[in-house]
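Chemist: Below are the sequence and a predicted model; questions follow.
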Amino acid sequence: MKRKILFVDDDLFSRKVFKFLFEKDYEVSIYENPSQVLEALEKFTFDLFVIDIALGTRTDGLEIIRKIRENERYKNTPVFCLTAHVRSKDENDALNAGADKFIRKPINNNDLKAIIDEALS
């Protein structure tokens, strides 16, 4: 049975690349809308989350991370923040919200795959 990853990013290109990189080895659920993510958290179970900070909506990635951590089912599930935000404040905010890892864009596809493969091994 494939491990399940939830990926949320408002950028279409990022969503397509993520799907291409991971759909062979994992069951990938890709979202751009935070309300869809919050609904999916209740309906499905995931083994890892990859969340962008800026989603172009009122609800940002930090709020999604907080909601994930509030859910007892996901207290110990890895949450990675993958974002173009590069200030140390952004990293601190993500880690304080509950992210386990802060990954800056752009990132080499092979490096991203290695990080996620290691987390799910």
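Modeler: The structure has been received and is ready for your questions.
Chemist: Just the helices from the protein, written as ranges.
Modeler: If DSSP state H is used as the criterion, the helices of the chain fall at 12-22, 34-43, 61-70, 88-97, 109-119.
Chemist: wait, which of these is closest to V79?
Modeler: When the helices of the chain are compared by Cβ to Cβ, helix 61-70 sits nearest V79, at 5.6 Å. All C-beta spots, glycine's among them, are computed from the backbone N, C-alpha and C.
Chemist: Against which helices or strands is the closest one packed?
Modeler: If you count contacts as 3 or more Cβ pairs under 8 Å, 6 or more residues apart in numbering; DSSP states H and E, helix 61-70 packs onto helix 34-43, strand 48-51, strand 79-83, helix 88-97.
Chemist: Buried ones in that helix, by neighbour count?
Modeler: For helix 61-70, burial by neighbour count (16 or more other Cβ atoms under 10 Å) applies to 61-65, 67-69.
Chemist: what's the most buried one of the helices and strands packed on helix 61-70?
Modeler: Across the helices and strands packed on helix 61-70, averaging neighbours per residue (mean count of other Cβ atoms under 10 Å) puts strand 48-51 on top, at a mean of 25.
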